[in-house]
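S.K.: I would like the atomic coordinates for the input below:
(2 chains)
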Number of protein chains: 2
Amino acid sequence: MNYQPNPEDVRFVLHAVLDATPQLRALAPFADIDDDLQIQVLDEAAKFVTEVVAPVNRAGDEIGCRLIEGEVITPPGFREAYAGFQQGGWPALSAATEDGGQGLPGVLEAIVFEWLSGANHGLTMAPGLLHGAYECLKHHATDALKQRYLSKIATGEWLATMCLTEAHAGSDLGQVRTRAEPQIDGSYRVSGAKIFISGGEHDLTPNIVHLVLCRLPDAPAGPKGLSLVLVPKVLPDGRRNTVQCDRIEEKMGLHGSSTCSMRFDEAEGWLVGEPNRGLAAMFVMMNSARLHCALQGIGLLDAAWQKADAYATERRQMRAPVQTNGAAPASRGAESADLIIEHPAMRRILDTQRAWIDGARAIGYRTAIQLDVAKHAADGKTRDRAQRWCALVTPVLKAACTQQAFSGASECLQVFGGHGYVREWGIEQVVRDSRVTMIYEGTNEIQAIDLLVRKVLVDGGTGMSAVLIEMRDQLEASRETDADVQRRLAQLRYLTTTLAMAAHIDPVLPYEVADDYLRVVMIVMLAWAWARIDVAAAAANVESSRWSQPSAAFRRWVLPEFEMRLGIVKRACDVVIAAHAERTTAQTTA
Amino acid sequence: MNYQPNPEDVRFVLHAVLDATPQLRALAPFADIDDDLQIQVLDEAAKFVTEVVAPVNRAGDEIGCRLIEGEVITPPGFREAYAGFQQGGWPALSAATEDGGQGLPGVLEAIVFEWLSGANHGLTMAPGLLHGAYECLKHHATDALKQRYLSKIATGEWLATMCLTEAHAGSDLGQVRTRAEPQIDGSYRVSGAKIFISGGEHDLTPNIVHLVLCRLPDAPAGPKGLSLVLVPKVLPDGRRNTVQCDRIEEKMGLHGSSTCSMRFDEAEGWLVGEPNRGLAAMFVMMNSARLHCALQGIGLLDAAWQKADAYATERRQMRAPVQTNGAAPASRGAESADLIIEHPAMRRILDTQRAWIDGARAIGYRTAIQLDVAKHAADGKTRDRAQRWCALVTPVLKAACTQQAFSGASECLQVFGGHGYVREWGIEQVVRDSRVTMIYEGTNEIQAIDLLVRKVLVDGGTGMSAVLIEMRDQLEASRETDADVQRRLAQLRYLTTTLAMAAHIDPVLPYEVADDYLRVVMIVMLAWAWARIDVAAAAANVESSRWSQPSAAFRRWVLPEFEMRLGIVKRACDVVIAAHAERTTAQTTA
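M.R.: Just a heads-up that it's a prediction; the model follows:
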């Protein structure tokens, strides 16, 4: 079966759980938005994703992108699907109307990209960087450059790439060597080689706009000597630029997206932003790109869940255990075996993954709304608070959702037994495709360090503490579940303080426990999300097992990781603090 | 880099930690065995695996097996490698000398297969079932059949398959429909279709011996109506039998092994064992096959570890954090980046996987020795005790080691960043190949149910308790680490009793927590193994960081799962017991 978006589920999280509409209407550009408009957009998107994008996913994996004499041929059906995507106005969903966009909130765009990723990760990579490139040009390019490229990118008429990585430097952008020589006419000539460039070459659009991280002559060494240059595949006068795809990678998965080695031979380009300020120009879209990556994870996990759920409710295998009162599973008929879903181990897998998908959606969509708030709120304090949320929560979501996409998809594969390991049902493709999300947009280990070292400890935990208090205040201590979450939020605040103290003594410690700290944050956020989902489900009086089953699975199978990780971090801190106390005592008495 | 066995590491576990030699010499067939002989065999095996088996692993993945007009062509180099394997006498390592074997202990064969799997999982599948088929025929076949097939199989001159699964019945063998009609001459005509048959067809040996699970006319329904029939590809008179490979599966990995759909059209064969006792004939090799599967997991994880370790100690990426005293990593030179291994998150991944490999080896090799004891000990009580160990520990090892192979290989992939997701370094192949080990030989969920429902609870936990006491008695309470493990062993015994009580009230409960229970057992066994490794390393005075680093990693990052899983099981029991007490009280007062 192909992936199918479920707009009803998403609307429940967006409106019943998060109450998104009033928050969006408080922002000037979205003052007129209402539930109906959002429902209409999402229903249309769901239709498009189901009918056009999902059906070509298998060809993307099995045939994949091919490099033939320097040209990349995308898999059968991809050109048509992308044309439909572009003509439907989907790339421009949250771009400003004056740039040819639809002017809708970013949260809607984020949801549509979650669905696109679930349906066809490979194809979704193509427009995946469009919005980032759009924001980057909008904020940093000259008017002349904007005139030429901004609306082409906003509308997806031309696709864009980010050319960062070089063979000798993966996550370490300070090592970039590609050079850009200024010319008399104000343009630059770019020379160098880049690797791992998603969509560096393809046949989906007549032009490709490369944003290339490089060094001007005499630039300082390291990351502060990097500039950003726009290098189009086709020059304004119609000439082909001297940029070439030399190779596409053979990958574990994601065969529908070309991962290119690009060579620039004195290619013509124009500076974006100021010299040596290339990273700043690029990082304008960092939180949004990472959030999209987290939502890719959610989309892929949902795709895996849908496949496993369909299989488990359709196929029979062995006898399921019988209840205490002798009652057989409700679905037992004349067949000699029970439905796979009746086996407790399989039910557990499905409910647990559902708990991750629904809980992570609530946090992800809230973060997308906060990105809209950070951008559009009239009040500086409101913008700052939203920005703080995004800065702290985005790396958590990126790492945790992508890890769950891979490990959860693997769990879903297990529901199929041997049939999961063969291509037939498409589940193994999800496992292979999803693996890359743990690596790109900053590896998950880098997310954890970004969170703990660069975001939490940099102010001694004050910002984090404020976010946790914000979460606490949205719960009701009179409800048992809420009170439990509040207690955990307090434990995490205390842990953060302890960690700040220990990190002061041993600066290596945070690097050792960053992954555990990130997991603690994610689990407590999921607990917070599920407490709110429970309340919304009770209020909406929806069919109870839809939300109560994953809610119970969350508390039973996911939540216990909180204590485990908390304990790991705490013990590590205790060791450091105790050793320091001993040294201090020894010095005092000496 | 290719996988390379490390005989020194293995000998340390086998001799210094487990003191294998006296245990083996106590068994009649191995009375003459000494350390030197074992060392010689292992050194030879390591050489063969390194020089012949490992180099063709990549071709196995990239070219794979191909089905051309009903014949399976194995990947380039596989025929030659298998011929070397067969001629070197490796298939017959633990077969009896009278059958053409080497008569060596099974533990040595198990180790060699661990190495083979690490070097080339695909090729290793081919002889993977030989020993099982050998034992099956040796114990159940008629003399005439033995005469014709036993030594051919023992020596690997002909390969063997197990034909169990059918399209409508995966793990549920009771559903098998393949029929066998008795003929006047005492032979049978087998008709039916089997799927997922590893090595059902190939070009490695001139004949293939299929052991086919099927039903005789008027056999009772379900698993008690199954018989085992030997169906050779080539009949004794040289005619080709009517058994045909219709299709080979497109799989996530393991492309070097053909996974065949087999069709039997009145194929000639002979009964093995008694009518309707086919499962018993097959299950003779169950523990040994499952143990081999666990060791495949260890071998694959070691292969992943070796790749990641080599990469991390050779490549540089970004700056590692600096110690409290300002000391930079020892390896820091003129380069602008530090070695990947100097980054704490990467060191943690490597040490943690090493902790799994070494600890699991100690338990795995001990179990292999116990299999030898169960088979050869003169004293019935000794045999029973060894058999009890194997019955209880084997499913734990199978599930935990194969799961760790997949998740740990994925962790190792992360060390490579983007380079791990592309084919170049071979690490993603390990992730793909290893995934199937969680499914075959009984899915990991079935292992957990086998452990808890069929092995532990069946006698109210008595057998399990005896195994835990056996482990406790091999530790010294005066050592701090040992005392900690003893405390955990006691906790697990108490948990088992509680679970037996709760399962009595709610028979579904064990199916819900079987996975957690299995993990608790595995973690405590690893703790036991590491306590013993620590002692052996101290006594042997070996270079300390080789064993102390993974030992510390085990305690820091792996061991905390013990409390988490214990808590999950305990809470589930508490709920059931409390509800029961409430009901009972209500009834009493009513």
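S.K.: contacts and neighbour counts: CA atoms only from here.
M.R.: Will do.
S.K.: report the closest residue of the stretch 201-350 of chain A relative to chain B.
M.R.: A:Lys251 (4.2 Å; CA to the nearest CA).
S.K.: which strand residues bridge that residue?
M.R.: B:Val422 (DSSP bridges).
S.K.: and it, what does it touch?
M.R.: For A:Lys251, the contacting residues are B:421-423, by CA atoms under 8 Å, 6 or more residues apart in numbering or on different chains.
S.K.: out of those residues, who's the most crowded?
M.R.: Highest neighbour count within these, by other CA atoms under 10 Å in any protein chain shown: B:Tyr421, with 27 neighbours.
S.K.: that one reaches B:Val430, doesn't it?
M.R.: No - using CA atoms under 8 Å, B:Tyr421 is not in contact with B:Val430; the gap is 11.4 Å.
S.K.: per-residue pLDDT, the residue of the stretch 201-350 of chain A closest to chain B?
M.R.: You'll see A:Lys251 listed with a pLDDT of 98.
S.K.: what's the answer for A:Asn541, then?
M.R.: pLDDT at A:Asn541 comes out at 81.
S.K.: how close does it get to A:Ile533?
M.R.: Noted for A:Asn541: a distance of 12 Å to A:Ile533, by CA to CA, to the nearest Å.
S.K.: who are the packing partners of the helix or strand hosting A:Cys214?
M.R.: Secondary structure assigned from DSSP states H and E places A:Cys214 in strand A:208-214. Judged by 3 or more CA pairs under 8 Å, 6 or more residues apart in numbering or on different chains; DSSP states H and E, strand A:208-214 is in contact with strand A:159-163, strand A:227-232.
S.K.: quick check: residues of the stretch 101-250 of chain A near chain B?
M.R.: With the criterion set to CA under 8 Å from any CA of the partner chain, the stretch 101-250 of chain A comes near chain B through A:169-172, A:196, A:249-250.
S.K.: residues near the closest residue to A:Met464 other than its chain neighbours, how many?
M.R.: Spatial nearest neighbour of A:Met464, chain neighbours left out: A:Val456 (5.9 Å); criterion: CA to CA, 6 or more residues apart in numbering or on different chains. Using other CA under 10 Å, A:Val456 has 22 neighbouring residues.
S.K.: quick check, A:Val456 in contact with A:Val467.
M.R.: No - A:Val456 lies out of contact with A:Val467 (CA under 8 Å); the separation is 10.7 Å.
S.K.: which one's the longest strand in chain A?
M.R.: strand A:259-272 (DSSP state E).
S.K.: in the following helix or strand past that one, which residues are buried?
M.R.: Next helix or strand after strand A:259-272 toward the C-terminus (DSSP H and E): helix A:278-283. Within helix A:278-283, the residues that count as buried by 16 or more other CA atoms under 10 Å in any protein chain shown are A:278-282.
S.K.: report whether stretch A:553-565 contacts chain B.
M.R.: Yes - counting by CA under 8 Å from any CA, chain B has neighbours in stretch A:553-565: A:556-557, A:560-561, A:563-564.
S.K.: the worst-scoring helix or strand of chain A on mean pLDDT - contacts with which helices or strands?
M.R.: None of the helices or strands of chain A scores lower by mean pLDDT, DSSP states H and E than helix A:278-283, at a mean of 86. Packed against helix A:278-283 by the contact rule (3+ CA pairs under 8 Å, 6+ apart) you find helix A:130-140, strand A:227-232.
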